[in-house]
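turn this into a model:
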Amino acid sequence: MLNFIFAAVELPMLSDIVLIFGLATLVILVFMRLKIPTIIGFLFTGALAGPYGLSLVQASTTVEVLSEIGVILLLFVIGMEFSLKSLMAIKKAVFIGGALQVSITILISSIVAFFLGFDWNVAVFIGFLFSLSSTAIVLKLLQESGQVNTIPGRTTLAILIFQDIVIVPLMLFTPMLAGETDNVAWSLFLMGVKGTAVIIMTLLSAKYLIPNLLYRIAKTRNEELFLLSIIVICFAVAYLTSLLGLSLGLGAFLAGLIISESDYSHHATGKILPFREVFLSFFFVSVGMLFDIGFLFINGIPILLLTALTFVVKFIAVSISVRAIGQGFKEAFMVAFSIFQIGEFSLLLAKVGMNFELLDQETYQYFLAISILTMGITPFVLKKREDISCAILNLPIPSRLNKKFGNENIPDLEIEEELKDHLVIIGYGLNGRNLSKAAKSAQIPYAIIEMNPMTVREESAKGEPITYGDAANEFVLEHVNINKARVAVIAISNADATKRIVATIRHITQNPFIIVRTRYVNEIEENLKLGADEVIPEEFETSIEIFTRVLNKYLIPRHSIEDFTHEIRSFNYELFRLTPTDLNIKKRIELPEINFVSVQVEKDSGKFINKPLKETKLREYLGVNVVAIKRSGKTINHISADEKLKLGDIVYVVGRPESLEAFESEVEID
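Numbers count the residues shown, from 1 in each chain. As a prediction, the model looks like this:
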């Protein structure tokens, strides 16, 4: 015990981590009740625990190191979520709208900063900071409100994607603005050469190296090895780019981009996300530790004025950019009301600027205050963005302008239609394959989740909508839009994994009807408690199928069979557990005293052969009815009184068992 205490004393990092997370938990709990974003909670936690607050954290260097890991993982996950195919689907909004928004914001912000007395290089850097918005806050709010796939939502997403990409070159240009190089042209040339080399390496790795490596690792079915390989790829590529004189963040982004082109990106993202969230929290805490709350109160009026100016500048820049890609004023205003804030990447870039002395301490405090205020009001503005936009459009303005503000034909963004009202198949064994065939035949949209990398590779090549990943991972389920699915079928043989998947789906959404296939009946109750709607155990479904076919042979009416099987399922198959005496099937189903068989005529003459049926009087003498005759490959369904039985005919007859035996003895050779 004493050794543990001494170890804790010698390891101040441990006490700081406990303090940070404990304080963050309390702060975020309060902020969540006030519907303030989590990021603001971490910033506020850092401000409280930092030197300008209560001075609770001692090992600030450790926090800095952990925050750097968080930034690397953030850029790595963005790279993995970044798809070249999906990017090309909204390329106009991304490359034109995004580039215009960033360029116009940098231009206006730089001019304003220059007139406020900053040197031109610092003014441009300030323009960099104010050009970026918060992807984390905005996308989370849009997802919660279900507005991602609206026209303004897609446009907002496109511009945020461009901002996430442009952070890399902005970080590369920052040292140049700080005068770290005398020959800017030569530095740009070297950057271009290095960038080209890195791009070539990325393309080759994405196409040949990493997919094959991850395929072999995934084949082992060892989740620890898979996670370790993903982390190694992330930090190895980041380290390689740092050796080339580029940033660790760029390397992490490229590493994620390499993995994104494989079949394993969604599974990998789900594995990394928990680590990213933990380490990224240290980044926001470390930023908050540099924020002086007292500075905010002392300089409240100029901070509020600068915050309002930031809002106006970004609103104008975004509105112009969205209008430039052919959308209406309403949509432009709605997008502008979504991304007017300063983002988390701006905080990252500001720390880089501090390292290169582009920002002094006072300017940095103003920037942090403006960032936190704009982030804090984002949820409230975004929630009312449509109402505010409509109110602006309804203002009394001259008729000439009113025509310009009127409704326009808005070109829809080219984007893949999102899965909805679809079927999610988890497990692509025999049941999953048959289910997908049936869904395809019935034109039901479906998505498949499978953990066997060989199956994923083969079926993906055939065009099946299949994703590699663990369905107990929320990110993998969100990739197949589980919240908009009508039905989810879990057709895997692992009982524990099945329960985890059911629990995860129900944690995300209550929408889909969950059908579970299990091996044994004793697994039914627990799966139902976890949220499954229907559980089908193979143990007794096979028995039901066999017994159904038996009853069919006994000519039991179909509705009686259906009622009986429904009764078995309604009692969770308990009827099959009872003894025959307890079950007493005869009280439930009355067996008919007739049967239906097919008999082949093997004689060419006889009492009932080659004679009209009306003369043979089969029904009168033997008590059988001829239902159909199959002759020369054709079936005669309508039997007339003049029809004759001939050698080779297959005769379908109905009657009592003893009557059928008598008929068989007349037409078959003993």
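
which residue, other than its chain neighbours, is closest to Ser286?
Among residues not flanking Ser286 along the chain, Ser67 sits closest, at 4.1 Å (Cβ to Cβ, 6 or more residues apart in numbering). For glycine as for every other residue, the C-beta is placed from the backbone atoms N, C-alpha and C.

longest helix anywhere in the protein?
Ranked by residue count under DSSP state H, the longest helix found in the chain is helix 151-177.

can you name every helix or strand that it contacts?
helix 99-115, helix 120-131, helix 135-145, helix 184-204, helix 248-260, helix 300-324, helix 329-336, helix 344-355 (3 or more Cβ pairs under 8 Å, 6 or more residues apart in numbering; DSSP states H and E).

mind running it again at 6 Å?
Judged by 3 or more Cβ pairs under 6 Å, 6 or more residues apart in numbering; DSSP states H and E, helix 151-177 is in contact with helix 120-131, helix 135-145, helix 329-336.

need the winner for burial among those.
Stretch with highest mean neighbour count among these: helix 329-336 (a mean of 24; mean count of other Cβ atoms under 10 Å).

could you pull out the strands for the stretch 401-550 of the chain?
Secondary structure of the stretch 401-550 of the chain, counting by DSSP state E, counting those that start in this stretch: strands at 423-426, 446-450, 466-468, 487-490, 513-518, 534-537.

so which of those comes closest to Ile650?
Smallest distance to Ile650 across these (Cβ to Cβ): 37.4 Å, for strand 534-537.

any buried residues in the closest one, and which?
Neighbour counts over strand 534-537 (16 or more other Cβ atoms under 10 Å) mark Val535, Ile536, Pro537 as buried.

quick one: residues in contact with it.
Residues outside strand 534-537 that contact it (Cβ atoms under 6 Å, 6 or more residues apart in numbering): Ile515, Val516, Arg517, Thr518, Tyr520, Val521, Ile524, Asn527.

next, format the residues you listed as CSV and append distance to Val166, pLDDT and neighbour count.
Output for the contacts of strand 534-537, formatted as CSV (distance: Cβ to Cβ, whole Å; pLDDT from 0 to 100; neighbours: other Cβ atoms under 10 Å):
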residue, distance to Val166, pLDDT, neighbour count
Ile515, 45, 87, 17
Val516, 46, 88, 27
Arg517, 48, 84, 22
Thr518, 50, 82, 23
Tyr520, 55, 74, 11
Val521, 58, 71, 18
Ile524, 54, 80, 20
Asn527, 48, 86, 23
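
within its sheet, name the partner strands of the strand of greatest length in the chain and how each one runs.
Using DSSP state E, we find that the single longest strand of the chain is strand 624-631. Using DSSP bridges, strand 624-631 pairs in its sheet with strand 634-636 (antiparallel), strand 650-655 (antiparallel).

buried residues, the helix or strand just after the last one. List them.
I take that to be strand 650-655. Note on strand 650-655: by DSSP states H and E, the next helix or strand toward the C-terminus is helix 657-667. Going by neighbour count (16+ other Cβ under 10 Å), the buried part of helix 657-667 is Ser659, Leu660, Phe663, Glu664, Glu666, Val667.

now, among these, which is nearest to Gly606?
In terms of Cβ to Cβ, no member of the buried residues of helix 657-667 lies closer to Gly606 than Glu666, at 6.0 Å.

quick one: contacts for the residue nearest to Lys92 when sequence neighbours are not counted?
Using Cβ to Cβ, 6+ apart and skipping residues adjacent in sequence, the residue nearest Lys92 is Ile325, 5.7 Å away. Residues near Ile325 by Cβ under 6 Å, 6+ apart: Lys92, Ala93, Ile96, Gly97.

now Gly97
For Gly97, the contacting residues are Ala158, Ile159, Ser321, Ile325, by Cβ under 6 Å, 6+ apart.

re earlier: now, among the buried residues of strand 534-537, which is nearest to Leu116?
Val535 (67.0 Å).

quickly list what that closest one is bridged to.
On the basis of DSSP bridges, Val535 is bridged to Val516.

quick check: Arg323 vs Leu100, distance?
Using Cβ to Cβ, to the nearest Å, one gets 10 Å for the distance from Arg323 to Leu100.

shared neighbours, those two?
Here Arg323 and Leu100 share no contacting residue, scored by Cβ under 6 Å, 6+ apart.

ok, and what's touching the longest strand of the chain?
618-619, 635-637, 639, 649-655, 659, 663.

what bits of the stretch 451-600 of the chain have low per-residue confidence?
Residue ranges of the stretch 451-600 of the chain with pLDDT under 70: 539-547, 549-562, 564, 567-593.

what about the helices in it?
453-461, 474-479, 495-508, 524-530, 538-553, 558-570, 580-583, 585-588 (DSSP state H, counting those that start in this stretch).

hmm, back to that, for the contacts of Gly97, give me TSV that also has distance to Ile36 and pLDDT.
Output for the contacts of Gly97, formatted as TSV (distance: Cβ to Cβ, whole Å; pLDDT from 0 to 100):
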residue	distance to Ile36	pLDDT
Ala158	27	82
Ile159	24	89
Ser321	28	92
Ile325	32	87
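
need those in a markdown table with distance to Met354, can you?
Output for the contacts of Gly97, formatted as a markdown table (distance: Cβ to Cβ, whole Å):
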| residue | distance to Met354 |
| --- | --- |
| Ala158 | 31 |
| Ile159 | 27 |
| Ser321 | 29 |
| Ile325 | 35 |
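
which one of the residues you listed is nearest Glu643?
Ala158 (74.5 Å).

now Glu319: how far from Ile104?
Actually, residue 319 is Ser rather than Glu. Distance of Ser319 to Ile104, computed by Cβ to Cβ: 10 Å.

ok, now Ile199?
Using Cβ to Cβ, we find Ile199 at a distance of 27 Å from Ile104.

that's a strand at Leu56, yeah?
No - per DSSP: H, G, I helix; E, B strand; the rest coil, Leu56 lies outside any strand segment and is coil.

tell me the contacts of the closest residue to it other than its chain neighbours?
Of all residues not flanking Leu56 in the chain, Ala49 sits nearest, at 4.4 Å (Cβ to Cβ, 6+ apart). For Ala49, the contact set (Cβ under 6 Å, 6+ apart) comprises Leu23, Leu56, Val57.

quick one, which of the residues you listed are buried?
Counted by 16+ other Cβ under 10 Å, these give Leu23, Leu56, Val57 as buried.

for the first one, what are its contacts?
Going by Cβ under 6 Å, 6+ apart, Leu23 touches Thr45, Ala49.

wait, the residue nearest to Ser286 touches Phe282, no?
Yes - applying Cβ atoms under 6 Å, one finds Ser67 in contact with Phe282, separated by 4.4 Å.

re earlier: among the contacts of Ile325, name the buried ones.
Applying 16+ other Cβ under 10 Å to those, the neighbour count classes Lys92, Ala93, Ile96, Gly97 as buried.

returning to what we had before: of all the strands of the stretch 401-550 of the chain, which one comes closest to Tyr264?
Closest to Tyr264 of the strands of the stretch 401-550 of the chain, according to Cβ to Cβ: strand 466-468, at 5.3 Å.
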